[in-house]
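[1] test case, fold it:
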Amino acid sequence: MKTVIDCYDVRVWDGGSMHNHKFYVATKEEADKWIAENRFDVVYPITFEIYDTIEDALEGNTEKIRKRALAKLSPSEIKALGL
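    Residues are numbered from 1 along each chain as shown. Predicted structure coming up:
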């Protein structure tokens, strides 16, 4: 089983060339509130995928590969493979 969490990564400017992770917030509105008060900081949308087992994680990766491979096949190739 997979749990997907979409959130926003708030990163604060260190005064030089770096932005370092500070915290995550759940909504764009909260991220925008932070940026409104801290104009040199940045926010990135981020998605976490949490699997119950390693097998579930590997199966999810295999499924993505399978979909990409099938998308490259023509209808006649799909039919010939019996898919």
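
[2] make it CA atoms for all contacts and neighbour counts henceforth
    OK.

[3] what are the buried residues along the worst-scoring helix or strand of the chain on mean pLDDT?
    Lowest mean confidence among the helices and strands of the chain (mean pLDDT, DSSP states H and E): helix 54-71, at a mean of 79. For helix 54-71, a neighbour-count test (16 or more other CA atoms under 10 Å) marks Ala57 as buried.

[4] how far does it sit from the chain's center?
    16 Å (CA atoms, centre = their mean, to the nearest Å).

[5] quick one: average pLDDT of the strand ranked longest in the chain?
    For the chain, the strand with the greatest residue count under DSSP state E is strand 2-13. Average pLDDT, strand 2-13: 95.

[6] so what does that strand touch, helix or strand wise?
    Under the contact definition 3 or more CA pairs under 8 Å, 6 or more residues apart in numbering; DSSP states H and E, strand 2-13 sits against strand 19-25, helix 28-37, strand 42-51.

[7] how close does the closest residue to Asp41 other than its chain neighbours get to Glu37?
    Distances taken as CA to CA, 6 or more residues apart in numbering put Val12 closest to Asp41, at 4.5 Å, once the chain neighbours are dropped. Distance, Val12 to Glu37, using CA to CA, to the nearest Å: 12 Å.
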